[in-house]
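In: sequence first, then the predicted structure, then my questions.
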Amino acid sequence: MPGLAASDNSPPAPAPPPRRLSSPLPRRAPSSPSPSASSRAARALEFAERAAMALERRGEGAELELAMSLHVAAAIHCGLGRHADAIPVLERAVAVVTPPPEAPADGEAEAEAGATGGDDHQQLQPAEPDQRGEEWSLAAFSGWMQLGDTHAMLGRMDDSIACYGKGLEIQMAALGERDPRVAETCRYLAEAHVQALQFDEAEKLCREALQIHREHSAPASLEEASDRRLMALVLDAKGDYDGALEHLVLASMTMVANGRDIEVATIDVAIGNTYLALARFDEAVFSYQKALTVLKSARGDDHPTVASVYVRLADLYHRTGRLRESKSYCENALRVYAKPAPGAAPDEIAGGLMEIAAIYEALGDLDEALKLLQRALRLLEGSPGQWSTVAGIEAQMGVLYYMVGRYADSRNSFESAVAKLRAIGERKSAFFGVLLNQMGLACVQLFKIDEAAQLFEEARAVLEQECGASHPDTLGVYSNLAAIYDAMGRVEDAIEILEHVLKVREEKLGTANPDVDDEKKRLAELLKEAGRSRNRKQKSLQNLFGTNSQRAKKEAGRRWSNFGFRS
């Protein structure tokens, strides 16, 4: 956990024990307290709130004590599972120790404005440390980080990242930009960016942490190894598998030198994943088997980490066509998940069930895949910090329901996933756009034409913003919009969209591609019906979609399109 203390000219000393009440970056919601524990927590909360009220009445001079009381109250709220109630308490705690900016006098303001206007190259200066000292900076840092943790528990990763960023700014102002404790916070913030799938930002922070640890730590330190493991995760997500492998090998060497066998086994699993991505299957099998031997010996045969290696081996053998071995490893993992070792985390088990479900789906056993996803969903339901994961499970269930023809169940699953993503602010991601498109397809099968049109239009707006107008996912939504407009009797709008789609596909794929041929046939049918020929001049769709947003959703003369939709 990142720390904060005043710096001086003395040799670097170990960071003091953390003095904030929040936990490390949350991976799961805490278990519900027992009735007796809840009663004690309620009494503690009452005392903390009474202390805060008394300190607030004292006014100036009691700010630090007030902030600490508010931190305690917020921590109790979180312990009781009432994270939303903790947010305003923490916001108040941060405000108490954050002095308002001083307004300059009129003359000073004019002079400052003139100076600013006359220097186009003026750069922003780093924030200055709070003049009231170390304790104020520590309280502000602790408040922002605890607030970030609480937002993360509610699945609000954008708000969480913003709070962590504020905390990092305060820490850098107090300690300087190259302090080792700043590196810890950089890595902490990078982990949050990874959770939010913001890999470019995570990579920058990881490199910064790695550089600082190189300056202040011994060669091949454990801190550097932790940075490299996170960097490997980021590079793997970005498709740089060779770069990820390099960092993993260096991290593994460090852990071996320090006698950390469990960490070495965990890294071996990650190395196996990277070899698998590089299609180096024999090396991947060796890494997985090496990790499996160590984990079985250290943690026992029924530990979830052992099951996770079984899942990786099952995936590998499925990819290489050895289906009997793949299913055997799936069954081994399921036996572990059915009776896991005490203390196994629900989200760890749910993640394994999701991966096995994906393998069963690929094997064509959709019913078994659905059962596994339902088990995973039951493990995570009711955990606000897992809403993003729950939405992913529901989305996959929606796809499977669609594949087996249960369209009402499919739509309901998609609707629940969309609602969760809206609630946690994930409305501007490519995944959200694809999910809207899938829900629209389910609505088409249920003859909910108006709802399908609205969903396709929203999906189009999201994917244009996140992926661009020429991305295959965006083009697929354009095709679905054309189909739905045709079904609504808006043939001219459908033709205009299909002309754009066909133009882009011809440029990207060539005129002989099957997708291009399919679009040509669809367009030819509409043109024949409209009694005109194809307009080969490239058009902008902005005017069309701008006009569509003003039109009434219900139009006369509807009929179902005679061409299909794209998933």
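Out: Yes, it's here.
In: in stretch 134-150, which residues are buried?
Out: 136-150 (16 or more other C-beta atoms under 10 Å). In this view, the C-beta of every residue, glycine as well, is placed from N, C-alpha and C.
In: show the average pLDDT along that stretch.
Out: Averaging pLDDT along stretch 134-150 gives 87.
In: and if you look at stretch 52-61?
Out: 74.
In: now swap in stretch 376-393 and tell me
Out: 84.
In: buried ones in that stretch?
Out: For stretch 376-393, by 16+ other C-beta under 10 Å, it's 376-377, 379-380, 383-393.
In: now, the most widely separated pair of the residues you listed?
Out: Based on C-beta to C-beta, the longest span within the buried residues of stretch 376-393 runs between 376 and 384 and measures 16.8 Å.
In: on that earlier part again, closest to residue 429 out of the buried residues of stretch 134-150?
Out: residue 148 (20.0 Å).
In: surely that closest one and residue 167 touch.
Out: Yes: counting by C-beta atoms under 8 Å, residue 148 touches residue 167, with 6.7 Å between them.
In: okay, buried residues for stretch 357-365 please.
Out: In stretch 357-365, counting by 16+ other C-beta under 10 Å, buried: 357, 358, 359, 360, 361, 365.
In: over to stretch 465-481?
Out: 466-467, 469, 471, 473-481.
In: equivalent analysis for stretch 496-508, please.
Out: Buried positions in stretch 496-508, judged by neighbour count with 16+ other C-beta under 10 Å: 496, 497, 498, 499, 500, 501, 502, 503, 504, 505, 506.
In: what is the mean pLDDT for whichever strand or helix holds the fourth one?
Out: The reference is to residue 499. Here residue 499, judged by DSSP states H and E, is contained in helix 491-509. Taken as a whole, helix 491-509 has an average pLDDT of 76.
In: stretch 97-111 now?
Out: 55.
In: likewise for stretch 206-223?
Out: 89.
In: could you pull out the buried residues of that stretch?
Out: 206, 208, 209, 210, 212, 213, 217, 222, 223.
In: what residues does that stretch touch?
Out: Residues from elsewhere that reach stretch 206-223, judged by C-beta atoms under 8 Å, 6 or more residues apart in numbering: 12, 178-180, 182-184, 186-187, 190, 224, 227-228, 230-231, 234, 250, 253-255, 257-258, 260.
In: adding distance to residue 160, write the buried residues of stretch 496-508 out as TSV.
Out: As requested, the buried residues of stretch 496-508 are exported to TSV (distance: C-beta to C-beta, whole Å):
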residue	distance to residue 160
496	42
497	38
498	42
499	44
500	39
501	38
502	43
503	42
504	37
505	40
506	44
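In: closest to residue 448 out of those residues?
Out: Nearest to residue 448 among the buried residues of stretch 496-508, with distances taken as C-beta to C-beta, is residue 497, at 20.5 Å.
In: what sits against the nearest residue to the closest one once chain neighbours are set aside?
Out: Nearest residue to residue 497 in three dimensions, chain neighbours excluded: residue 482, at 4.2 Å (C-beta to C-beta, 6 or more residues apart in numbering). Contacts here follow C-beta under 8 Å, 6+ apart; on that basis residue 482 touches 493, 494, 495, 497, 498, 501, 522.
In: tell me which residue lies nearest the centroid of this structure.
Out: residue 196 (2.9 Å; C-alpha atoms, centre = their mean).
In: near the closest residue to that one other than its chain neighbours, how many other residues are there?
Out: Closest residue to residue 196 apart from its sequence neighbours, by C-beta to C-beta, 6+ apart: residue 157 at 4.1 Å. Residue crowding around residue 157 was assessed by other C-beta atoms under 10 Å; the count is 21.
In: swap in residue 172?
Out: 20.
In: ok, residue 192 next?
Out: Using other C-beta under 10 Å, the number of residues around residue 192 comes to 25.
In: start the count at 50 instead of 1 going forward.
Out: In the new numbering, first residue 50, that becomes residue 241.
In: can I get whichever strand or helix holds it in CSV, CA atoms only?
Out: Per DSSP H and E: residue 241 is located in helix 229-244. Taking C-alpha atoms only, helix 229-244 is exported to CSV below (Å, rounded to 0.1, in the frame of the first residue of the first chain):
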residue,chain,number,x,y,z
PRO,A,229,9.9,5.0,-3.7
ARG,A,230,6.6,5.5,-2.0
VAL,A,231,5.4,7.4,-5.1
ALA,A,232,6.4,4.3,-7.2
GLU,A,233,4.0,2.2,-5.0
THR,A,234,1.2,4.6,-5.6
CYS,A,235,2.0,4.6,-9.4
ARG,A,236,1.7,0.8,-9.4
TYR,A,237,-1.5,1.0,-7.4
LEU,A,238,-3.0,3.4,-9.8
ALA,A,239,-1.8,1.3,-12.8
GLU,A,240,-3.7,-1.7,-11.4
ALA,A,241,-6.9,0.4,-11.3
HIS,A,242,-6.3,1.4,-15.0
VAL,A,243,-5.9,-2.3,-15.8
GLN,A,244,-9.2,-3.0,-14.1
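In: many thanks, I have nothing further to ask.
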